[in-house]
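>>> what shape does this take:
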Amino acid sequence: MKLAEALALRAEMKTKINNIQSRLNNNAKVQEGEKPAENPYTLIAELDSVSDELTNLIKNINYTNCMTVENGVSLTDMIAKKDVMQKKISVMKNFLSTASSLIDRYSNTEIKVHSTVDVAELQKKVDAMSKELRELDMNIQRINWTIDLIEK
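Below you'll find the model as predicted:
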């Protein structure tokens, strides 16, 4: 199995756990004399099984990410860099949106408000970071589809 397939399977298992949670909640109580639509103990057993499978899958994905190295950089390090870059870009975009928003003045006597930074200059830096992030993400995706999942 390719790493990308394992990642898709991980997402599917997380969705399955969420569905089991819903089904458990729907069958937690019934009126006196009624039976639940599904046996909660069967659902709990299914939850245990899927949880164990997911745990093993995540361990194998993490192990594969640690052991996969390209140009001296592990896949784990690439993912960490990607996650931090995404957050940094998000913060900067939000900041630049605030810095560049116009303040309506109703008369010339009202106080003028100016940006504290050169928005255009910083936007170019954010654009460059965004390009670097896209390239990094494409490289991670390429690796995910070429590397086999390592089972520990």
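>>> please export the C-alpha coordinates of stretch 74-81 as PDB.
In PDB, the C-alpha atoms belonging to stretch 74-81 read as follows (Å, rounded to 0.1, in the frame of the first residue of the first chain):
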ATOM      1  CA  SER A  74      12.600  13.500   6.500                       C
ATOM      2  CA  LEU A  75       9.000  13.500   5.400                       C
ATOM      3  CA  THR A  76       8.200  14.300   9.100                       C
ATOM      4  CA  ASP A  77      10.300  17.400   8.900                       C
ATOM      5  CA  MET A  78       8.700  18.400   5.600                       C
ATOM      6  CA  ILE A  79       5.200  18.000   7.100                       C
ATOM      7  CA  ALA A  80       6.200  20.000  10.200                       C
ATOM      8  CA  LYS A  81       7.500  22.800   8.000                       C
END
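>>> and it, how far out from the chain's middle?
Chain-centre distance of stretch 74-81: 14 Å, with C-alpha atoms, centre = their mean, to the nearest Å.
>>> got the buried residues for it?
75, 76, 78 (16 or more other C-beta atoms under 10 Å). Where C-beta positions appear, they are placed from N, C-alpha and C, glycine not excepted.
>>> run through who's touching it.
62, 64-70, 136, 139-140, 143, 147 (C-beta atoms under 8 Å, 6 or more residues apart in numbering).
>>> now with 7 Å?
Contacts of stretch 74-81 with the rest of the structure, by C-beta atoms under 7 Å, 6 or more residues apart in numbering, involve 65, 66, 68, 136, 140, 143.
>>> hmm, which of these are the buried ones?
Among these, those classed as buried by 16+ other C-beta under 10 Å are 65, 68, 136, 140, 143.
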